[in-house]
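>>> could you work out the structure for the sequence below:
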Amino acid sequence: MHIRAYLRASTKEQDSQRARADLDNFAQGLGVDIVGYYPENESGATLKRPELFRLLDDSKPGDVLLVEQVDRLSRLTGPDWDSLKAKIQEKRVRVVALDLPTSHQLAKPSDDLTGRMLEALNGMMLDMLAAIARKDYEDRRRRTAQGIAKAKTIEGKYKGRPEDVARNTNILTLLNGGASWSSVCKATGASRSTLSRLVKQQAATEATQGVPMGPR
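Predicted coordinates:
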């Protein structure tokens, strides 16, 4: 029996080797060695994972596919998970996940009856955790989409608000005529920060056009 470690991260910015120490410690605790590491940066929601299938191709019946968590192996839809599971069963590979204690015994030699019973129990647990991992994936995508939609709505409210051209023109006319900022704020309802912004914009425009600045 050989143990092969599968290490997956979702994006290239993440470290697919992050869990390697935990997998090594688990194997050492069993007194066995990991014969191969298969890291890759791909989504768990797709079957397009070359390293995972290279691991399965390298495996012999009775070998162990070791992962940190079940969601490192699968965030797949039901049909895609069934496809991957069929490949695993075809190769007669045992899946052991650190977050699935019922699978740990599969990393140890056992008699045929015990092994088959453990594999049956482990198969049910894997199905359940794979379904939970998929639901978590879909929930996170939905929350992300909702957050983006809300942010766009809020951004649109602020960015899409039309400028009150008449008011701003009146403010500048009053300021250029010598009115105090306090009196202009009181007369127009504008804040001092608005006045400051308009004055700066006017100064920048006049400097660009070479127009002498009016009285302040």
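>>> secondary structure class of residue 11, three-state.
Judged by DSSP: H, G, I helix; E, B strand; the rest coil, the three-state class of residue 11 is coil.
>>> name the single longest helix found in this structure.
Counting by DSSP state H, the longest helix found in the chain is helix 112-159.
>>> now find how far off-centre the following helix or strand past that helix is within its chain.
Using DSSP states H and E, the helix or strand that follows helix 112-159 in sequence is helix 165-176. Using C-alpha atoms, centre = their mean, to the nearest Å, the mean C-alpha position of helix 165-176 is found 48 Å from that of the whole chain.
>>> check which helices and strands the next helix or strand after helix 165-176 sits against.
Downstream of helix 165-176, the next assigned helix or strand under DSSP H and E is helix 181-188. Secondary-structure packing of helix 181-188 (3 or more C-beta pairs under 8 Å, 6 or more residues apart in numbering; DSSP states H and E): helix 165-176, helix 192-209. Every C-beta, even on glycine, is put in place using the N, C-alpha and C of the backbone.
>>> so which of those gets nearest residue 152?
Proximity to residue 152 (C-beta to C-beta) singles out helix 192-209 among the helices and strands packed on helix 181-188, at 24.9 Å.
>>> and that closest one, C-alpha only, in PDB?
Output of helix 192-209 as PDB, limited to C-alpha atoms (Å, rounded to 0.1, in the frame of the first residue of the first chain):
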ATOM      1  CA  ARG A 192     -17.800  74.400   3.300                       C
ATOM      2  CA  SER A 193     -16.300  71.300   1.800                       C
ATOM      3  CA  THR A 194     -18.500  71.800  -1.300                       C
ATOM      4  CA  LEU A 195     -17.400  75.400  -1.500                       C
ATOM      5  CA  SER A 196     -13.700  74.300  -1.200                       C
ATOM      6  CA  ARG A 197     -14.200  71.700  -4.000                       C
ATOM      7  CA  LEU A 198     -15.800  74.200  -6.300                       C
ATOM      8  CA  VAL A 199     -13.200  76.900  -5.700                       C
ATOM      9  CA  LYS A 200     -10.400  74.400  -6.400                       C
ATOM     10  CA  GLN A 201     -12.100  73.200  -9.600                       C
ATOM     11  CA  GLN A 202     -12.500  76.800 -10.800                       C
ATOM     12  CA  ALA A 203      -8.900  77.600 -10.000                       C
ATOM     13  CA  ALA A 204      -7.700  74.600 -11.900                       C
ATOM     14  CA  THR A 205      -9.900  75.500 -14.900                       C
ATOM     15  CA  GLU A 206      -8.800  79.100 -14.900                       C
ATOM     16  CA  ALA A 207      -5.100  78.000 -14.600                       C
ATOM     17  CA  THR A 208      -5.500  75.700 -17.500                       C
ATOM     18  CA  GLN A 209      -7.200  78.300 -19.700                       C
END
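>>> with that, I have no additional questions.
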